[in-house]
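Novice: Structure of the sequence below:
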Amino acid sequence: KTGAPYVVSDILRIESGRKQVQPAQIPPPDGLYALFRREFNFQARFYRRDLLRDLGLYDRDQRNYEDWDLYIRLFERNTLYAYVPKVLYVYKIRQGSITKEKYHIKQFHYIERIYHKHYKRLADAGDNTVAKIYAEVMWRLASDYFHKSGAIFSCSKCLLEALKYDRTLLQKYLKKVLKI
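Specialist: Predicted coordinates:
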C-alpha cells in the first residue's frame, strides 16, 4: 500500500523455550546518528529484491551483525519503509550460536569491521558528529577487547584509533576514574 521497499515489524524471540514479543522500534528523526550510537534496536526483515540488489546485498565478509551493516546503508540513503504492527518474524536463538556467545572475540572483530567500514569513512569525509561517535565506540570496543576477551593488541589498536578522532577522551575517562 505504501510503496515502501522494506517492512519493519514486531518480532517473536524464542530462547530456551521462552517466547517474548519484541515490538519494533521506530527510528528517531536523526536515524543514522541514532543507529550509529545504537540508541534503538531497528529490525527490518522483509525487503524488495531490487532494493537489496541496489544496496549490494549482504556483505559476505560480515559474518555477524550483517543486518546492522545493511541498516546503515539503508539509513544513509534515507530509504522509505513501512511499519506493520504485527509479529511477522520469529527469531529463534540456539545454544552454541555466535549470537548466544556473549563476549566472543569474533563478535568484537565484526563490530570493529562495521566501525571501520561506515563510521570511519564518514568521519574521514568530514562528518564531525560521526567522528565523535566513532571515537567513543572505538574507546568502548577497546575496553571490551581488554576486559571481555583479553586481546591486548586489539585493545591498543582501538584506543589509538579513538584518540586519533577525539584527543579529549583520555582526559574524560581519567576524570571519571579519579572521581570513583
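
Novice: Which elements pack onto the strand ranked longest in the chain?
Specialist: Assignment by DSSP state E gives strand 82-93 as the longest strand of the chain. For strand 82-93, the packing partners by 3 or more Cβ pairs under 8 Å, 6 or more residues apart in numbering; DSSP states H and E come out as strand 6-15, strand 44-47. In short, each C-beta sits where N, CA and C put it, glycine included.

Novice: would JSON lines of those strands with mean pLDDT, mean neighbour count and distance to D30 be doable?
Specialist: Formatted as JSON lines, the helices and strands packed on strand 82-93 follow (pLDDT from 0 to 100; neighbours: other Cβ atoms under 10 Å; distance: least, Cβ to Cβ, whole Å):
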{"stretch": "strand 6-15", "mean pLDDT": "89", "mean neighbour count": "17", "distance to D30": "17"}
{"stretch": "strand 44-47", "mean pLDDT": "79", "mean neighbour count": "17", "distance to D30": "18"}
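
Novice: The ones you listed: which one's closest to F153?
Specialist: Across the helices and strands packed on strand 82-93, F153 has its closest neighbour in strand 6-15 (33.3 Å, Cβ to Cβ).

Novice: mind exporting the closest one as PDB, just the C-alpha atoms?
Specialist: Output of strand 6-15 as PDB, limited to C-alpha atoms (Å, rounded to 0.1, in the frame of the first residue of the first chain):
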ATOM      1  CA  TYR A   6      11.100  -2.700   3.000                       C
ATOM      2  CA  VAL A   7       9.000  -3.500   6.100                       C
ATOM      3  CA  VAL A   8       9.600  -3.200   9.800                       C
ATOM      4  CA  SER A   9       7.600  -5.400  12.100                       C
ATOM      5  CA  ASP A  10       7.400  -6.800  15.600                       C
ATOM      6  CA  ILE A  11       9.400 -10.000  16.300                       C
ATOM      7  CA  LEU A  12       8.700 -13.100  18.300                       C
ATOM      8  CA  ARG A  13      12.000 -14.000  20.100                       C
ATOM      9  CA  ILE A  14      12.300 -17.600  21.200                       C
ATOM     10  CA  GLU A  15      15.200 -18.600  23.500                       C
END
